[in-house]
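1. Have a look; sequence and predicted model below, questions after that.
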Amino acid sequence: MSDAAHAHPGHHTHPTGIMRWLTTTNHKDIGTMYLWFALIMLFSAGSMALLIRTELFQPGLQLVHPDFFNQLTTMHGLIMIFGAIMPAFTGFANWQVPLMLGAPDMAFPRLNNWSFWLLPAAGLMLMSSFLLPGGAAAGGWTMYPPLFIQGGISYDLTILAVHIMGLSSIMGSINIITTILNMRAPGLTLMKMPMFCWTWLITAYLLIATMPVLAGAVTMLLTDRNFGTHFFNAAGGGDPVMFQHIFWFFGHPEVYILILPAFGIVSQIIPTFSRKPLFGYASMVYATASIAILSFIVWAHHMFAVGMPVAAQLFFMFSTMLIAVPTGVKVFNWVATMWKGSLTFETPMLFAIAFVCLFTIGGFSGLVLAMAPVDIQLQDTYYVVAHFHYVLVSGALFSIFAGIYYWLPKWTGHMYDERLGKLHFWLSVIGMNIVFFPMHFLGLAGMPRRIPDYALQFTEFNQIATVGAFIFGFSQLIFLTVVLKTIRGGAKAPARVWEGAEGLEWTVPSPAPYHTFEVAPVLSK
């Protein structure tokens, strides 16, 4: 140890440049890396979606080989879920949870670093599978056998990448749960905690419960492919439907993993721009927990067409409809928060309101699909595509945009360009509806999903959808511009960014007051 180090114990030279990012244990740095990674993956998977929509602009085969088309649909789904949406929400958790709890950092800072760095490795694996002989996996993001048992080496690579991403999620969740349960500021009880922390606490439990199930399913696939087992091979006494049960036991809670943090972000933003505390805080917490618990007993609604007993169909149909109740409570509370509030419509609020309206449309089409007889007709049509994109684009993605506009001034010290933010909002909302609304009609008319070619009568709606896809896709370049401009400079952000919400920004549904860790902070009642 040098003399200088003796003179200042605890004073280390911090690495700079690339080593700073590779070795960082700072929750803000790690949160930033998650968000950038998510943005890169969003653009990658988004460009795949644009390729898919270009192919579907008219009937017949134009641009891509049908097998490559299927590779695109598989990779678009996997990368959007595991590479864009989940890492983005984990980035928010890393940035905001310690700040909101008044904690110095996450509970396990080095584990946090490792959780992140597993992701680029797995993302690279997934993307590189396009370059392997035979191309990327073409069996769909759900990885159903027998399709997923027959493919080439890229299928094994996909399975490994999914494993690694699952490991990253589990470690991140352990970190978040420990931080929330053990590192809150004195006096910050669980029922005074910001809604965003609650939604992430519940999400982290869902991840720990379901990721090992997915790992089990893909491990069995791996041994079926390479080691002569017959878990899902009917010829050897296995059952391909068993894979669906195991997969969806992970897959249904997964869709709530993708939306609960969005609920948390929106529950922070709406009170701020309504200048009112969140309506029904306790009922919001209980509704979030109910949604999470119910999500474990509805998995087979993804499988109504496999020929399950009528009693099972009825059970899964009714339990699925039941989830609409706590979700309805949340929508009611958001609207009630805005009711008679002193509203202003900055970009974060616009995205939050769009979230509430459009997510509700996605919820209604989900209720339609919950009816077993209806679902058997609409299964694997574009109606399903419309449903889950309304939930995941206007739900998860719009809330991510809302959260970034909301917290970017806090993170960078600069205000973003409000004019560009609003332009991004309007183009995104209009584009998104032009892409996905016509898909409801395509599905009702019987157009199957995951096909590169289609019958002539579906042409017009497909052309409308493709135009919308390009409006939506290219408007994300405006978002990138806003973020880069804000990081580089701009108007200085005041100490309390959203001035109009003076006195309310830090009440129960929002972050704890700033403090140095010398004394316990004073918390709002």
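-> The structure has been received and is ready for your questions.
2. Only C-alpha atoms from now on, for both contacts and neighbour counts.
-> Fine.
3. G172 looks like it's in a helix, true?
-> Yes: under DSSP: H, G, I helix; E, B strand; the rest coil, G172 falls within a helix.
4. Use 641 as the first number for this chain going forward.
-> Renumbered: residue one is now 641, and that last one reads G812.
5. A922 in helix, strand or coil?
-> Secondary structure assignment for A922 (three-state DSSP): helix.
6. ok, it to K970 distance?
-> 11 Å (CA to CA, to the nearest Å).
7. the more surrounded of these two?
-> K970 (24 against 13; other CA atoms under 10 Å).
8. Buried residues in the lengthiest helix in the chain, which are they?
-> Longest helix of the chain, by residue count under DSSP state H: helix 835-866. For helix 835-866, burial by neighbour count (16 or more other CA atoms under 10 Å) applies to 835-848, 850-855, 857-862, 864-865.
9. from the chain's centre, how far out does it sit?
-> Relative to the centre of its chain, helix 835-866 is centred 14 Å away, using CA atoms, centre = their mean, to the nearest Å.
10. Now for the residue lying closest to M851 once chain neighbours are set aside: which residues touch it?
-> Closest residue in space to M851, ignoring its immediate chain neighbours: G806 at 5.7 Å, by CA to CA, 6 or more residues apart in numbering. Shown in contact with G806 (CA atoms under 8 Å, 6 or more residues apart in numbering): M851, P852, A855.
11. For F722, which non-adjacent residue is closest in space?
-> Counting by CA to CA, 6+ apart, M805 is the residue found nearest to F722 once chain neighbours are left out, at 6.8 Å.
12. Go through the helix or strand hosting the one you found and flag the buried ones.
-> Using DSSP states H and E, M805 falls within helix 793-822. Residues of helix 793-822 classed as buried by neighbour count (16+ other CA under 10 Å): 793-817, 819-820.
13. And stretch 827-836, by the same measure?
-> By neighbour count on 16+ other CA under 10 Å, the buried set for stretch 827-836 is L828, K832, M833, P834, M835, F836.
14. If we only consider those, which is nearest to I725?
-> Nearest to I725 among these is F836, at 15.9 Å by CA to CA.
15. Can you give me the first-to-last residue distance of stretch 693-707?
-> Taking CA to CA, stretch 693-707 runs 15 Å from one end to the other.
16. Now the closest residue to G700 other than its chain neighbours. Its backbone dihedrals?
-> Excluding the flanking residues, the one nearest G700 by CA to CA, 6+ apart is D1093, at 5.4 Å. In terms of degrees, to the nearest 10, the main-chain angles of D1093 are phi -140, psi 160.
17. circling back: surely the residue nearest to F722 touches I721?
-> No: if you go by CA atoms under 8 Å, M805 and I721 don't touch, sitting 10.5 Å apart.
18. Give me the pLDDT value at H648.
-> We have a pLDDT of 49 for H648.
19. Just the helices from the stretch 641-790 of the chain, written as ranges.
-> Using DSSP state H, counting those that start in this stretch, the helices found in the stretch 641-790 of the chain span residues 643-647, 657-663, 667-695, 706-718, 726-741, 749-768, 787-790.
20. residue ranges for the helices of the stretch 941-1090 of the chain, please.
-> Per DSSP H, counting those that start in this stretch, the stretch 941-1090 of the chain carries helices over the ranges 950-962, 964-978, 987-1010, 1012-1018, 1022-1031, 1038-1052, 1058-1084.
21. Point me to the residue sitting closest to the centre of the chain.
-> Taking CA atoms, centre = their mean as the criterion, I725 is the residue nearest the geometric centre of the chain, at 3.1 Å.
22. how much space between that residue and F1028?
-> Separation of I725 from F1028 (CA to CA): 14 Å.
23. show me the contacts for A1109.
-> Going by CA under 8 Å, 6+ apart, A1109 touches L690, R693, G1071, M1072, I1074, V1075.
24. Could you dump these into TSV with neighbour count and distance to I899 added?
-> Output for these, formatted as TSV (neighbours: other CA atoms under 10 Å; distance: CA to CA, whole Å):
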residue	neighbour count	distance to I899
L690	18	24
R693	21	25
G1071	22	21
M1072	23	18
I1074	21	22
V1075	24	21
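25. average pLDDT for the helix holding M805?
-> Across helix 793-822, pLDDT averages out at 97.
26. go on, stretch 918-931?
-> The model assigns stretch 918-931 a mean pLDDT of 96.
27. Of the helices of the stretch 641-790 of the chain, flag the one that's most buried.
-> helix 726-741 (a mean of 25; mean count of other CA atoms under 10 Å).
28. mean confidence score for that helix?
-> Helix 726-741 shows a mean pLDDT of 97.
29. neighbouring contacts of that helix?
-> 667-668, 670-675, 677-679, 744-746, 812, 816, 819-820, 823-825, 828, 833-834, 836-837, 840, 897-898, 901-902, 1040, 1150-1153.
30. How far does it sit from its chain's centre?
-> How far helix 726-741 lies from its chain's middle: 13 Å, per CA atoms, centre = their mean.
31. and what of stretch 831-844?
-> Computed by CA atoms, centre = their mean, the chain-centroid distance of stretch 831-844 equals 16 Å.
32. now swap in stretch 810-818 and tell me
-> How far stretch 810-818 lies from its chain's middle: 17 Å, per CA atoms, centre = their mean.
33. So which residues make contact with it?
-> Contact with stretch 810-818 is made by 730, 733, 737, 746-748, 751-752, 755, 840-841, 844-845, 847-848, 851, as judged by CA under 8 Å, 6+ apart.
34. Closest to G1006 out of the residues you listed?
-> Distances from G1006 to the contacts of stretch 810-818, taken by CA to CA, are shortest for L847, at 22.2 Å.
35. Can you name the residues that contact Y1022?
-> Taking CA under 8 Å, 6+ apart as the test, what Y1022 contacts is M1079, H1080, L1082, G1083, L1084, G1086, M1087, P1088, R1089.
36. State the distance from it to G806.
-> Y1022 sits 28 Å away from G806, taking CA to CA as the criterion.
37. One more: I692?
-> To G806, I692 is 27 Å away according to CA to CA.
38. F919 reaches K970, doesn't it?
-> No: counting by CA under 8 Å, F919 stays clear of K970, with 9.6 Å between them.
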